[in-house]
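>>> Predicted model follows, preceded by the sequence.
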Amino acid sequence: MKIRKRIGIVLLGCMALGAGVYAVARLRAKPAPAHPWFKARSGEHRPLVFAHQGGQNLYPSNTLLAFQRAAEMGADVLDADMHVTRDGVLVLMHDQTVNRTTDGKGAIRDLTFEEIRKLDAGYRFTTDRGATYPYRGRGLTVPTVEELFRAFPDKRFGVEIKQTTATAVQTFCDVIRRHHLEHTVLVSSFAQENMVAFRRACPEAATSATEREARVFVILSTLGLSDAYTPDFYSLQVPERSGSIHILTPRFVRHAHERNLAVQPWTINRPDDLKRMLALGVDGINTDNPDRLLELLKSQGRSGF
């Protein structure tokens, strides 16, 4: 009995300590500050339509053609992926290698920009399982980050840092500043080290949560403790589910909004899934089929303001 009593006292003490720590953290916690990236623009949609890789189910991934078509159809955000070549040029491609989308082979980090520039970026694009390849030989090349910014100076961007180096992070920040896009580029990365380096180099730009940061927020939200959290980011770009864990729930969205965090799920393509995201009240949807989302928003009378 004495042992049980002592265990009970220890448990009560731990609970009291935990409650005290939570109370202090809750008092000190601050929501994410407002950032110009998230300021509503006339004519945009709610939620924002992110054209993932320019809309990779419609046009060759991460090409200027894809981004041009996405902009023309009314997508609000051009969402791209950034890698660095062997000679330090920042290029747009989703994968670490050129194999899936071009007529070449090899890791981007092992190829020079000149070598990558010679590749056909539309070579493997097909919408009929390989029966036809409509963009082969059409002169599509792998673009640079700078070319994207120069081509669409008035658009919002989402750029994911895939693999990089400290030098490349600074180069990326310099490009953003040179084009005066500190308020129109939302930067994301799965890798914590990438994001730490970018936030240090370019604190004025908006960033999304890393995988680690998003995981922490999911846990806190599940436990009802998210009001004690001060985020270092402005948005949560997350899938609807991760394994058996259902992330995007009304509770999660509510808790994120209480911390002034935008919820921007990826990658949502099927009409039923898009409708479910809209019903949750998310702030943006990243999709390979921006045409579907735009049509759905139009049918609901949400085609801009």
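Cool, the structure landed.
>>> and His257, how many neighbours?
15 (other CB atoms under 10 Å). In this view, the C-beta of every residue, glycine as well, is placed from N, C-alpha and C.
>>> Same check on Leu280?
Leu280 has 17 nearby residues by other CB under 10 Å.
>>> For it, grab phi and psi.
Backbone torsions for Leu280, taken as degrees, to the nearest 10, come to phi -80, psi -20.
>>> Point out the other helices and strands that the longest strand along the chain packs with.
Across the chain, the longest stretch assigned as strand under DSSP state E is strand 77-84. The contact analysis (3 or more CB pairs under 8 Å, 6 or more residues apart in numbering; DSSP states H and E) places strand 77-84 against strand 48-52, helix 64-73, strand 90-92, helix 145-151, strand 156-161, helix 166-178.
>>> how about a cut-off of 7 Å?
Counting contacts by 3 or more CB pairs under 7 Å, 6 or more residues apart in numbering; DSSP states H and E, strand 77-84 packs against strand 48-52, helix 64-73, strand 90-92, strand 156-161.
>>> which other residues reach stretch 214-223?
209, 226, 229, 236, 238, 247, 251-252, 255 (CB atoms under 7 Å, 6 or more residues apart in numbering).
>>> Ile268: which of those is nearest?
Closest approach between these and Ile268, by CB to CB: Val238, at 11.0 Å.
>>> hang on, that closest one is in a helix, isn't it?
No. Val238 is assigned coil when assessed by DSSP: H, G, I helix; E, B strand; the rest coil, not a helix.
>>> What is the burial count for it?
Counted with other CB under 10 Å, Val238 comes out at 23.
>>> In contact with it, which residues?
Contacts of Val238 (CB under 7 Å, 6+ apart): 214, 247-248, 265.
>>> what's the closest of the residues you listed to Tyr135?
Pro265 (28.5 Å).
>>> Look at that closest one and report its pLDDT.
Model confidence at Pro265, given as pLDDT, is 98.
>>> Next up, phi/psi of it, please.
Here Pro265 shows phi and psi, under degrees, to the nearest 10, equal to phi -70, psi 150.
>>> Could you export the contacts of Val238 as a markdown table, including neighbour count and secondary structure?
Formatted as a markdown table, those follow (neighbours: other CB atoms under 10 Å; DSSP: H, G, I helix; E, B strand; the rest coil):
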| residue | neighbour count | secondary structure |
| --- | --- | --- |
| Ala214 | 20 | helix |
| Ile247 | 21 | coil |
| Leu248 | 22 | coil |
| Pro265 | 26 | coil |
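>>> want to throw those residues into TSV with distance to Leu48?
Below are the contacts of Val238 laid out as TSV (distance: CB to CB, whole Å):
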residue	distance to Leu48
Ala214	19
Ile247	19
Leu248	16
Pro265	11
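>>> Go through these and say which is closest to Arg41.
The nearest member of the contacts of Val238 to Arg41, counting by CB to CB, is Pro265 at 20.8 Å.
>>> wait, doesn't the closest one sit right on Thr287?
No. Using CB atoms under 7 Å, Pro265 is not in contact with Thr287, being 9.3 Å away.
>>> Show me what the closest residue to Gln264 other than its chain neighbours is bridged to.
Spatial nearest neighbour of Gln264, chain neighbours left out: Gly284 (3.9 Å); criterion: CB to CB, 6 or more residues apart in numbering. Per DSSP bridges, residues listed as beta-bridge partners of Gly284: Leu48.
>>> Count the residues that sit near Gly284.
Applying other CB under 10 Å, I find that Gly284 has 26 neighbouring residues.
>>> now do Thr171
19.
>>> One more: Leu27?
8.
>>> what does His183 give?
What His183 shows, counting by other CB under 10 Å, is a neighbour count of 16.
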